[in-house]
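Undergrad: make a model of this:
(chains A and B)
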There are 2 protein chains.
Amino acid sequence: MEDDISLFDASILEEIDFSKCHGEYKPAISHKNPGSNLRLRPLSSGDFNRGFLKLLTQLTQVGEVSKKQFIERFNSMKASPGGYYILVLENTETEEVIASATLVVEFKFIHNAGARGRVEDVVVSKDYRGKQLGKLLLDCLTLLAPKVGCYKLSLECKDPLVDFYTTFGFSKEAQQNYLVQRFWD
Amino acid sequence: MEDDISLFDASILEEIDFSKCHGEYKPAISHKNPGSNLRLRPLSSGDFNRGFLKLLTQLTQVGEVSKKQFIERFNSMKASPGGYYILVLENTETEEVIASATLVVEFKFIHNAGARGRVEDVVVSKDYRGKQLGKLLLDCLTLLAPKVGCYKLSLECKDPLVDFYTTFGFSKEAQQNYLVQRFWD
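TA: Sure, this is the predicted structure:
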């Protein structure tokens, strides 16, 4: 039997006060009850075999990542204590990872040696859209960020998603620009 | 005598091909010769005593960070292998840190288990402005990012700095928004 190691301690998800969430849920799902046959939990080292990378191809280019490379990457994240919180939703019947979202925590010296959070790589598998799962993942990350010490939380998104993210407490800031350069795909 | 531990291996700075830099330098300074009495190097655990935090107060709020807190934060960054590249410029005569810039590397599963870089916390002390030092730090980080595996590099900046950063290869991307929420200062 292979090890199935959690990227971070799942107990922190139990401690989230979901009554403070931003989204409205009809029907009323939560991180503890995300829906029929669904379980919300930290990314696990076993998720290579549960289609985690295939799920990410619905977001952007993933390329050919071997199991060895996956485990190396997983371990480098796990070795950064308090740095990476990747949530997944698993269909426990099919044992497939069907949605994911990441909170990356950047350590700072400014702001009392604080930390800032970033929402990254939010994806819900095509067959599972319209079930409030993206909203659920976002709410969990937004509640998790201050809990793990983030004084602010940011994200980048395309125009059509601005309204969606605004409902979670995000907003544009005046005179603030976001610039990028790309070295390769 | 106290330990003076480097945040990352300084030899990687030696390997930068500075002939590929974006900025024009008159007079011709470089990472190896940044100016009279100046030395460019990785942040060191001894920089608490060389005014590193005082320098950061010229950027934003720092608050009261004790030496113990500084060292803890330094160690959490160092424990994240390949995650934090903080450059500083030291006046070797006064033993003061007079400028700094950070490259944060975020590990990914997407893009062949790649990495993306972010430029953070660029600051040059008031008395040292107009000496091309911000440009020098930016060029070093921009050359360092692909070297340490970043497929892209991004930053956030206020309106007046857009032109400055554009000269280093950064640009706005169409339909791309940057959203924030703040939990505390």
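Undergrad: now residue A:99: phi and psi?
TA: Residue A:99 has phi and psi values of phi -160, psi 150 when expressed as degrees, to the nearest 10.
Undergrad: any idea of the pLDDT on it?
TA: Residue A:99 carries a pLDDT value of 98.
Undergrad: ditto for residue A:2
TA: 61.
Undergrad: show me where chain A has strands.
TA: Ranges of strands in chain A, per DSSP state E, are A:38-42, A:84-91, A:96-107, A:115-124, A:150-158, A:176-182.
Undergrad: closest one to chain B among the ones you listed?
TA: For chain B, the closest of these is strand A:176-182, at 3.6 Å, according to C-beta to the nearest C-beta. (Glycine included, C-beta is placed from N, CA and C.)
Undergrad: near chain B at all, that closest one?
TA: Yes. Counting by C-beta under 8 Å from any C-beta of the partner chain, chain B is contacted by strand A:176-182 at A:176, A:177, A:178, A:179, A:180, A:181, A:182.
Undergrad: next one: the nearest residue to residue A:95 once chain neighbours are set aside relative to residue A:24, how far apart?
TA: Counting by C-beta to C-beta, 6 or more residues apart in numbering or on different chains, residue A:50 is the residue found nearest to residue A:95 once chain neighbours are left out, at 5.5 Å. Distance, residue A:50 to residue A:24, using C-beta to C-beta, to the nearest Å: 30 Å.
Undergrad: repeat that for residue A:85.
TA: Counting by C-beta to C-beta - residue A:85 and residue A:24 are separated by 24 Å.
Undergrad: ok so, going back, mind listing what the residue nearest to residue A:95 touches?
TA: Taking C-beta atoms under 8 Å, 6 or more residues apart in numbering or on different chains, we find residue A:50 in contact with A:90, A:95, A:96, A:97.
Undergrad: looking at those residues, state which has the most neighbours.
TA: With neighbours taken as other C-beta atoms under 10 Å in any protein chain shown, the top of the contacts of residue A:50 is residue A:97, carrying 26 neighbours.
Undergrad: wait, what's in contact with that residue?
TA: Per C-beta under 8 Å, 6+ apart, neighbours of residue A:97: A:47, A:50, A:51, A:52, A:55, A:88, A:89, A:90.
Undergrad: ok so, going back, drop anything exposed from the residues of strand A:176-182 next to chain B.
TA: A:177, A:178, A:179, A:180, A:181 (16 or more other C-beta atoms under 10 Å in any protein chain shown).
Undergrad: could you export those residues as TSV, including pLDDT?
TA: Shown next, in TSV, are these (pLDDT from 0 to 100):
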residue	pLDDT
A:177	96
A:178	97
A:179	97
A:180	97
A:181	97
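Undergrad: any buried residues in the longest helix along chain A, and which?
TA: Secondary structure assigned by DSSP state H gives helix A:133-147 as the longest helix of chain A. By 16+ other C-beta under 10 Å, the buried positions in helix A:133-147 come out as A:133-146.
Undergrad: try stretch A:11-29
TA: For stretch A:11-29, by 16+ other C-beta under 10 Å, it's A:13, A:16, A:18, A:21, A:29.
Undergrad: report whether it contacts chain B.
TA: No. Stretch A:11-29 does not reach chain B (C-beta under 8 Å from any C-beta); its nearest approach is 9.7 Å.
Undergrad: wait, what's in contact with residue A:124?
TA: Applying C-beta under 8 Å, 6+ apart, the residues contacting residue A:124 are A:89, A:98, A:99, A:131, A:133, A:134, A:137.
Undergrad: do you know how far the residue lying closest to it once chain neighbours are set aside is from residue B:58?
TA: Distances taken as C-beta to C-beta, 6+ apart put residue A:99 closest to residue A:124, at 4.3 Å, once the chain neighbours are dropped. To residue B:58, residue A:99 is 43 Å away according to C-beta to C-beta.
Undergrad: ok, those two, which is more surrounded?
TA: Remark: of residue A:99 and residue B:58, residue A:99 carries more neighbours, 25 against 12, as counted by other C-beta under 10 Å.
Undergrad: now that one, which residues is it bridged with?
TA: residue A:89, residue A:124 (DSSP bridges).
Undergrad: do the same with residue A:39
TA: Under the criterion used (DSSP bridges), residue A:39 bridges to residue A:90.
Undergrad: ok, it - how many residues close by?
TA: Under the criterion other C-beta under 10 Å, the count of neighbours that residue A:39 has is 14.
Undergrad: can you check the one 3 residues further on too?
TA: Using other C-beta under 10 Å, residue A:42 is surrounded by 18 other residues.
Undergrad: with the one 4 residues further on instead?
TA: As a burial measure, the neighbour count of residue A:46 was computed by other C-beta under 10 Å and equals 15.
Undergrad: for chain A, which spans come out with low pLDDT?
TA: A:1-2 (pLDDT under 70).
Undergrad: format the contacts of residue A:97 as JSON lines; extra columns: distance to residue B:123.
TA: Shown next, in JSON lines, are these (distance: C-beta to C-beta, whole Å):
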{"residue": "A:47", "distance to residue B:123": "40"}
{"residue": "A:50", "distance to residue B:123": "44"}
{"residue": "A:51", "distance to residue B:123": "44"}
{"residue": "A:52", "distance to residue B:123": "39"}
{"residue": "A:55", "distance to residue B:123": "40"}
{"residue": "A:88", "distance to residue B:123": "38"}
{"residue": "A:89", "distance to residue B:123": "41"}
{"residue": "A:90", "distance to residue B:123": "44"}
